[in-house]
Each structure stands twice: as C-alpha cells, then as structure tokens.
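Colleague: My questions are about this predicted structure, shown below with the sequence.
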Amino acid sequence: MTTFLGMPATAPRGVGHLRGDQPFPRAAHDALGDSQLRRNLRHATTTIRGKSGRVIAELPDWQRLRDAGSAIKADVMSRLPDLLAELESRVTEAGGVVHWAADANEANRIVTDLVRRAGSERVIKVKSMATQEIGLNEALEDAGITPVETDLAELIVQLGDDKPSHILVPAIHRNRSEIREIFLRAMPGVDPELTDDPPVLAAAARRYLRETFLSTSVAVSGANFAIAETGTLGVVESEGNGRMCLTLPDTLITVMGIEKVLPTWRDLEVFLQLLPRASTGERMNPYTTMWTGVTPGDGPQNVHLVLLDNGRSAVLADTVGRQALHCIRCSACLNVCPVYERTGGHAYGSVYPGPIGAVLSPQLTGIEDNASLPYASSLCGACFDACPVKIDIPSMLVHLRDKAPHPPAERAAMAAAAYTMSRPRLYAYAQRAAKMARIAGRRGRGLPPPLSGWTAGRDLPEFPEQTFRDWWAQR
Ligand code: SF4
C-alpha cells in the first residue's frame, strides 16, 4: 500500500479540461433552469439503466465478477511501477515506441511533435477521455493540425463547438433536432435537405467520416486496457470508427493513463464481461480491437504509446482516494446518480462528470481547485451499488470533504462538537442546553452567525422532547 510512481504532483493549471469556470453549486443552478436538458438526460439515463439492468440480471456470477475486477485493480495499484516497466519492455520489443508524459503539457508536446514528424496536418481520433483531459485537440489546433473526432457523439460535440457531458454518450444533452441543426451548420458537404431521422443523421456522419478515414495518415487513440505481459493495447467501441482509426493509418499514437495497465490476458476476460453490461447494456462489446506493436505490412507501421501521469501519482499516494484509479469508465455511476440526472455533465466542469468525476477530478487537480465537487452528491450510495469494479465512491466523497478547505468557524464548531461528543457528561449537559434553546424558541430557525451559512441550505433538526438518556433513566 506504499506504491508511489514518480513525484505525486497534481495536474497543471491552464491546460486541459479538469477544472470548470465556476463552482458546482453555481453551475448546477444554471443547468437546472434548462428543462430540455433535464428531459434529454432523464430519457437517456433511464433507457441505459433499464438495458444494463436486464443484461446484468442474466449473469448468476455478476457479484463474483465485480469482486474479481476489484481485486485485479487493487493488485495493479499495489505494483503499478513494475507493471508499467514490463509493459514498456514488451511494447518496445514488439516494435512500438513508449513515451512517458509527467503531465498534460508534456503529453501534448509529445503528440504534436510526432504528428509533425509524420508530416500530417490532420489526425483522426478515436474517442478518448485521456486526450480530452489534457486538451489535446486545442494543442493540435494551436500547432496548425486539425483533429477530427470519429465517434458519432464526439463528432456532434466537436462540430457544435460544445463540451462532452457524459463519459460514454458525450452528446447526451442533445436531441435529434439539435443534432440536425449542428450538422447543417458545421458538417462539410452535408445535404441541405437533411432530416432529423436518426438513420439519416448517422448516414450523413458516415459519408463525411469515410472520406476522412481514407485520406488521413495519422490516428490518435486512447486505450481501455494494456496488457503488461504481452505489450498489447486494446480499445473497445460500438461504431467501428475505432477499428478504422486503429488499422488504416500509417502512424498510430495512443495516449493512455498509467492506471489502465492489466497484468495478464486472463485479467482481460473479467473486464470484457463487466464493461459492456455495465456501460451500454450489451452482452459483449461490438468492436474490440487489440494490437501489439508493429506487424510488418499490416496496419500502422509507426506505433507510439504515451503513458500519462497528469496527477495520477498524487491519487495513488492517497490510500483511500486511489480507488478512483480502478475506474474502467463504464459510466454506470452517472446513469444511476440523482444529482447527475438533474444537472447533466457540464456542471461538474471537468471531462469526468458524475460520481466518478466528483472523486477523480479533485484528486487529479488538488482539492483546492475542485473543492465543491465532493459535495455534488446526496451520498445515497447508488453509484457504489452500480459500479462494476465496486469502487466505494461514497466513502471517498466523505474523505475528500474532510480534505477540502473549510471556513475556520466551521472547523472550530466541528472540533468543539467532537470534543463534546467524546465526553459523556459534557454531552449530557450540551443536550440539556440544546433543549433549553428549543424551549426558548429557536425551533425551526437557522444557526446564528458565524454558523448561519451551514443552515442556509439545510433545516436545523428539531431537538426531541425527551433525549434517549432521559428515556433510559426513566426506565
Ligand atoms: S466509478 Fe465505477 S461505475 Fe463509475 S464510471 Fe468508473 S467503473 Fe463505471
């Protein structure tokens, strides 16, 4: 439990998409005013939840699969440096080149240099959370390179000059008539008679993307998994766009968070059962593409792997918080979260929204830059129940709330409460005093300053007529 990987620095400011422009409560307040957004979200999350629940119920050993996934991830975190060194050796032996990126700036620089060296002014991209996290598209554009997102939902977000709002369904906040408008406005060569029929919209995107796949020599991807024992990388996706990106171009650059490594092929067997059922509600993933270095004359001939830290070592250094690195980005926790269902993903200000974002983003950036996110939860525990790798998100939220900055008055009040509660006689006096305050008419009101902020959004509980101690003494 003492694994460290490099210096535990947090993700740098001014680059990437881990920090929002405003705290969660203010952003959520604005989002709640958008009734169309709430309708879209409710429809989408309810549909995915239902589908996923049905296929999970088919597996009698689902809970044991969850246990296995959790155990494999805990093992990976306990020996991450060794596994990454093994992965680097195997990828290199197979003809790939491994690069280590301490943070977003370094990763962006590495990828931009590689694309320039390949002589391309355009790259095709497979949907990737890691490249969104580091703001790779912006870095490429600054260097005069055009990134083209090839996942349909990511394409909608990119053409709409928008931000993703869900890990798996980035355009979940858009309905089909909004998508039609975006395509008419921004998609090159689109049919002006385009309707909002989903197959028609998909066909328009396919036409545009086919031409791009066939004329671009560099692809950038993320990776869902990497197998240390063989140096194999893997991407799972549903549309086949990933398969095109991973096989057609001459140069393939993969940006992967260091936590994605798995020790062996056998481990993959567990995750390929957990991921599709928990995420899209499918029995198996439609497209699973695996590649190991370079195969002469077949597929990309220049294969690069960029291993990204960007705050992950800092997360690993926290023995409670490191569970956030177990995440396989299935988005099941988003789809069951009552807070996410009402606010949508943009309110979280990070590429990682919902319950997992509320625990991952503050750890990657340092708690002071995302201090409101651990409070973006009712602590109902639905995320814990839904998580296929059993990440205890509620406990981590409480842990991070403790680490978040608190006003001195609140800290002092909590210290006084802890002191009182750990001394039975003093606690009994305090209860009597509280009862007196109730009789004196403070019932239903907030606390006086400087504690009034605490009751601004909460009701002060009423003190009972009789305390348990008095009740017990009477008997
Ligand atoms: S925390 Fe669990 S449920 Fe949420 S996205 Fe990650 S793996 Fe899925």
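Modeller: Sure, I can see it. Residues are numbered from 1 along each chain as shown.
Colleague: Closest approach to the ligand from the stretch 101-250 of the chain, which residue is it?
Modeller: Closest to the ligand within the stretch 101-250 of the chain is residue 167: 6.1 Å, counting by CB to the nearest ligand atom. From N, CA and C alone the C-beta is placed, and that goes for glycine too.
Colleague: measure that residue to residue 182 for me?
Modeller: When distance is defined by CB to CB, to the nearest Å, residue 167 is 21 Å away from residue 182.
Colleague: Counting neighbours, go ahead and name the busier of these two.
Modeller: Taking neighbours as other CB atoms under 10 Å, residue 167 and residue 182 compare with residue 167 leading, 26 against 21.
Colleague: Got the confidence number for the more buried one?
Modeller: Looking at residue 167, its pLDDT is 83.
Colleague: just checking, it is part of a helix?
Modeller: No - counting by DSSP: H, G, I helix; E, B strand; the rest coil, residue 167 is not part of a helix but coil.
Colleague: which residue packs closest to it, ignoring adjacent ones?
Modeller: Once flanking residues are discounted, residue 167 sits nearest to residue 331: 4.2 Å by CB to CB, 6 or more residues apart in numbering.
Colleague: Look at the one you found and say how many residues are nearby.
Modeller: Using other CB under 10 Å, residue 331 has 27 neighbouring residues.
Colleague: hang on, it packs against residue 166?
Modeller: Yes - with contact defined as CB atoms under 8 Å, residue 331 counts as touching residue 166 (6.4 Å).
Colleague: The closest residue to the ligand within the stretch 1-150 of the chain: which element?
Modeller: Nearest to the ligand in the stretch 1-150 of the chain, going by CB to the nearest ligand atom, is residue 69, at a distance of 8.5 Å. Per DSSP states H and E: residue 69 is located in helix 62-78.
Colleague: Would you mind pulling up the elements that that helix packs against?
Modeller: If you count contacts as 3 or more CB pairs under 8 Å, 6 or more residues apart in numbering; DSSP states H and E, helix 62-78 packs onto strand 261-262, helix 265-279.
Colleague: Just the pLDDT for residue 3.
Modeller: pLDDT, residue 3: 61.
Colleague: Also residue 448?
Modeller: With respect to pLDDT, residue 448 scores 74.
Colleague: can you pull the alpha-carbon coordinates of the helix or strand containing residue 433 into CSV?
Modeller: Counting by DSSP H and E, the element that carries residue 433 is helix 424-437. Provided in CSV are the C-alpha atoms of helix 424-437 (Å, rounded to 0.1, in the frame of the first residue of the first chain):
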residue,chain,number,x,y,z
PRO,A,424,-20.4,11.7,28.0
ARG,A,425,-21.1,14.0,30.9
LEU,A,426,-20.3,17.1,28.8
TYR,A,427,-22.5,15.7,26.1
ALA,A,428,-25.4,15.3,28.5
TYR,A,429,-25.1,19.0,29.6
ALA,A,430,-25.0,20.0,25.9
GLN,A,431,-28.2,18.1,25.2
ARG,A,432,-29.9,19.8,28.1
ALA,A,433,-28.6,23.2,26.9
ALA,A,434,-30.0,22.4,23.4
LYS,A,435,-33.3,21.5,24.8
MET,A,436,-33.4,24.9,26.7
ALA,A,437,-32.6,26.6,23.4
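Colleague: Show me what that helix packs onto, helices and strands only.
Modeller: Where contact means 3+ CB pairs under 8 Å, 6+ apart, helix 424-437 is packed against helix 408-421.
Colleague: Mind giving me the packing neighbours of the helix or strand residue 342 falls within?
Modeller: Following DSSP H and E, one finds residue 342 within helix 338-343. Under the contact definition 3+ CB pairs under 8 Å, 6+ apart, helix 338-343 sits against helix 24-32, helix 35-57.
Colleague: Now the first one: buried residues?
Modeller: Buried residues in helix 24-32, defined by neighbour count with 16 or more other CB atoms under 10 Å: 24, 27, 28, 31.
Colleague: State the mean pLDDT of that helix.
Modeller: The average pLDDT within helix 24-32 is 96.
Colleague: any residues touching that helix, and which ones?
Modeller: 20-21, 37-38, 339, 342-344, 346-349, 372-373, 375-376 (CB atoms under 8 Å, 6 or more residues apart in numbering).
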